[in-house]
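Enquirer: I would like to see how this sequence folds:
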Amino acid sequence: MSTNQRVKEIRLALNLSQAKFATAIAISNGYIAGIELGNRKVNDRLIKLICSTFNVNENWLKNGEGDMFKNPADTKFEMAMNVFKELNPDYQEFVLKQIDELLKIQNKK
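Expert: Here you go, the predicted model:
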């Protein structure tokens, strides 16, 4: 199965029309139709958009390996890390202390 075919598989798995899928990643539905028909290439920018927007496993989309969608726990970790990186160092330190305290509470159970 080609990357183009996997894009269509994602859209179908999400039960989205070409128009809704295209709108979600800010491209035209004609472009999506071209991809699904094999008339257009799937570039790295589009792969990144699809993966980040729809929680798709990039390795699956590019190579057909692994699961179509990322593990929800991996997604939560990515989201947390992105927020953490935006915090100033004082707040980052506070967050790390809170995580340590949560681990202590969790390990007491």
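Enquirer: what number of residues lie near Val56?
Expert: A count of neighbours around Val56, defined by other Cβ atoms under 10 Å, yields 23. Quick note: C-beta positions are derived from backbone N, CA and C, even for glycine.
Enquirer: what do you get for Gln18?
Expert: 17.
Enquirer: list the contacts for it?
Expert: The contact partners of Gln18, taken as Cβ atoms under 8 Å, 6 or more residues apart in numbering, are Arg11, Asn29, Ile32, Ala33, Glu36.
Enquirer: could I get the average pLDDT for stretch 42-61?
Expert: The average pLDDT for stretch 42-61 rounds to 94.
Enquirer: show me what counts as buried in it.
Expert: Val42, Leu46, Ile47, Leu49, Ile50, Cys51, Phe54, Asn55, Val56, Asn57, Trp60, Leu61 (16 or more other Cβ atoms under 10 Å).
Enquirer: and the lowest-mean-pLDDT helix or strand in the chain, how far out from the chain's middle?
Expert: Ranked by mean pLDDT, DSSP states H and E, the helix or strand of the chain with the weakest confidence is helix 72-86, at a mean of 77. Centroid separation between helix 72-86 and its chain, computed with Cα atoms, centre = their mean, to the nearest Å, is 11 Å.
Enquirer: may I see the buried residues of it?
Expert: Buried residues in helix 72-86, defined by neighbour count with 16+ other Cβ under 10 Å: none.
Enquirer: by contact count, what packs against that helix?
Expert: With contacts taken as 3 or more Cβ pairs under 8 Å, 6 or more residues apart in numbering; DSSP states H and E, helix 72-86 sits against no other helix or strand.
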